[in-house]
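Asks: fold the following for me, if possible:
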Amino acid sequence: MKGHTARFQPAEALNRFRACGDRRARVLCLAMPAILLLILMRTSAWAAQEAAPRAADASIQIQQVAPGIYAALQPFAGRFNDSNSVILVQDDGVVVIDTQTTLTATRSVIEQIRKITDKPVKYVINTHWHGDHVQGNQVYREAFPGVQFIAQENTREDMEKRTAAELKDEVANLPGQIDRYKQILASGKAPNGQPLTDAQKNLVQMRIDVFSRQLPDLRQTHIVLPDFTFGETLTLYSGAKEIRLAHYAGHTRGDVAIFIPADKILVTGDLLDDMPFTGDGSPAGLVQTLREFDKLDFETIIPGHGGIEHGRDHLHQVTALFESIVSQVQAAVRDGLSLEDTKKRVNIEAFREPLTKGEEHASNAFNGFTADAIERAYQEATPKIKN
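Replies: Numbering: from 1, shown residues only. Down below sits the predicted model:
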C-alpha cells in the first residue's frame, strides 16, 4: 500500500548490546576496538558502571502505559544500544512498533506479548531503517505468518540497500573484533599501554561474551522488508480508535512517528529519545519535527531509546539543543568558517547537565551525537549532504 495518504482497517487489510552495527551505535562503539577502548576506559568508574548492569540486567522491561498499550523498554544501562518496542493490543490483533537488533532479543519481546494476550500480531511498524529497529522482523514473520510490515517508503528502500549491507559487514567484522578483545584481555593492557583494572577486565570480558553470543544469531538474520509503504500519512483503525502514522524529518529520511489521540500517546521512534542521533538525517529537519510534535495534544512520549516521558520538558530541552546547534553552525558558515573551526566555535555545554544528569554513559552519547549533529548541520548549511 503506497501513496501520499493511505487508510485501511486492520480487520480488512491483510539485543541487547549493539555489536557496532548501525550508524547510531557506531558513534558510541567505533569500528576499531582499540579506539573504542581508549574512549570507554577513560575512567574505571565508567567501566564498572557498564560491566555489571548489562551482564546481569539484560531483560526487557514491560510497562503498561494505558489500557491495551505497553512499552517494552531496554534496561537503563543499555538504552542507547537496542530499541524499545511498543505493543498495541487492538480488538482483532496486536500492532507492534519496532523490533530489536537480534533474533533472541526480539523473541524475548514476543514472549512478553504472549503473556499479555493470545491475539496474533497483525502489523509491525518499522519507524526507520536502522538495524536495531528492524533486524528482528523475521522473528515476527516466523511466529505470526500472517503479519504485515509497514514503513515509510524511503525506509523500505533503505532497509533493502543499507540495512542489509550493514548486517553483512557486521557479521564479517565481528569475529575479528572478538579476537582483538581477547588479545587485549590476554595482554592485560589497554591500547594506551596502561594495565587494565579489574573493572576494565570485566568490561572487556563482558563484551567478548556478549558479542560471541550474538554472532551465531546475526549469522541467521535476514532482512524482512515492509509489505506496505506510505508517503506522508497513514491511519490504522480499531473500532473508533485511530493509530496515526506520519512521516517526519530528522533521524533518517524515512522516519515515522505514531500518535494515538484517544490515549494522548506519542511514539517517536528515534526522532525524540534520550539523545537524538542525526548522523543519517537532518538537524534542521529535526528542529522542525520537534516543533510539530509540540503542537500535538499528547501527554506521554514513548521513545525509541530511553524511558517514558510525561509532559514536554524533555521535548523542549532537546528542541533548544538542536536549535542552538543549527543556529550556531549557520552563523559559522556565514562567517566563512571551515568545518573544523565551526566545531571549535559551537558551544552547547549549557545543555549537557540538563540532558545527561551527570550520568557518564549519557554524557558520552552527548559528545558523540552532538559532534555528528554539528557536522551534519554544516553539510546542510553549505550544502554538502552526502546521502
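
Asks: and the pLDDT at Asp227?
Replies: Looking at Asp227, its pLDDT is 97.

Asks: any idea how far it lies from Ala151?
Replies: Applying CB to CB, to the nearest Å, the value for Asp227 to Ala151 is 9 Å. (C-beta placed from N, C-alpha, C; glycine too.)

Asks: which of the two has more residues huddled nearby?
Replies: Per other CB atoms under 10 Å, whichever of Asp227 and Ala151 has more neighbours is Ala151, with 30 against 17.

Asks: give me the three-state assignment for that one.
Replies: Secondary structure state of Ala151, per DSSP: H, G, I helix; E, B strand; the rest coil, is strand.

Asks: look at it and report its pLDDT.
Replies: With respect to pLDDT, Ala151 scores 98.

Asks: looking only at pLDDT, what's the mean for stretch 308-325?
Replies: 97.

Asks: touching that stretch from outside, list them.
Replies: By CB atoms under 8 Å, 6 or more residues apart in numbering, the surrounding residues in contact with stretch 308-325 are 63, 65, 71, 73, 272, 275-276, 278, 283, 286-287, 290-291, 293-294, 299-303, 346, 348, 351, 354-355, 370, 373-374, 377.

Asks: now with 6 Å?
Replies: 71, 283, 286-287, 290, 300-302, 348, 351, 354-355, 373-374, 377 (CB atoms under 6 Å, 6 or more residues apart in numbering).

Asks: chain center to that stretch, what's the gap?
Replies: A distance of 17 Å separates the centroid of the chain from that of stretch 308-325, by CA atoms, centre = their mean, to the nearest Å.

Asks: sorry, back to before: which one among the contacts of stretch 308-325 gets closest to His133?
Replies: Ile302 (13.4 Å; CB to CB).

Asks: now the strands: where do they sit in the stretch 51-200 of the chain?
Replies: 61-66, 69-73, 85-89, 94-97, 121-125, 148-152 (DSSP state E, counting those that start in this stretch).

Asks: would you turn these into CSV with distance to Leu236?
Replies: What follows is the strands of the stretch 51-200 of the chain, written out as CSV (distance: least, CB to CB, whole Å):
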stretch, distance to Leu236
strand 61-66, 16
strand 69-73, 14
strand 85-89, 9
strand 94-97, 7
strand 121-125, 7
strand 148-152, 8
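
Asks: for Pro67, give me phi and psi.
Replies: When read as degrees, to the nearest 10, the backbone of Pro67 gives phi -50, psi 120.

Asks: next, count neighbours for the nearest residue to Ile208 once chain neighbours are set aside.
Replies: Once flanking residues are discounted, Ile208 sits nearest to Tyr181: 5.0 Å by CB to CB, 6 or more residues apart in numbering. If you count neighbours by other CB under 10 Å, Tyr181 ends up with 23.

Asks: any idea of the mean pLDDT for stretch 231-243?
Replies: Computed over stretch 231-243, the mean pLDDT rounds to 92.

Asks: what is the end-to-end distance of that stretch?
Replies: 16 Å (CA to CA, to the nearest Å).

Asks: which positions in that stretch come out as buried?
Replies: Residues of stretch 231-243 classed as buried by neighbour count (16 or more other CB atoms under 10 Å): Leu234, Thr235, Leu236, Tyr237, Ser238, Ile243.
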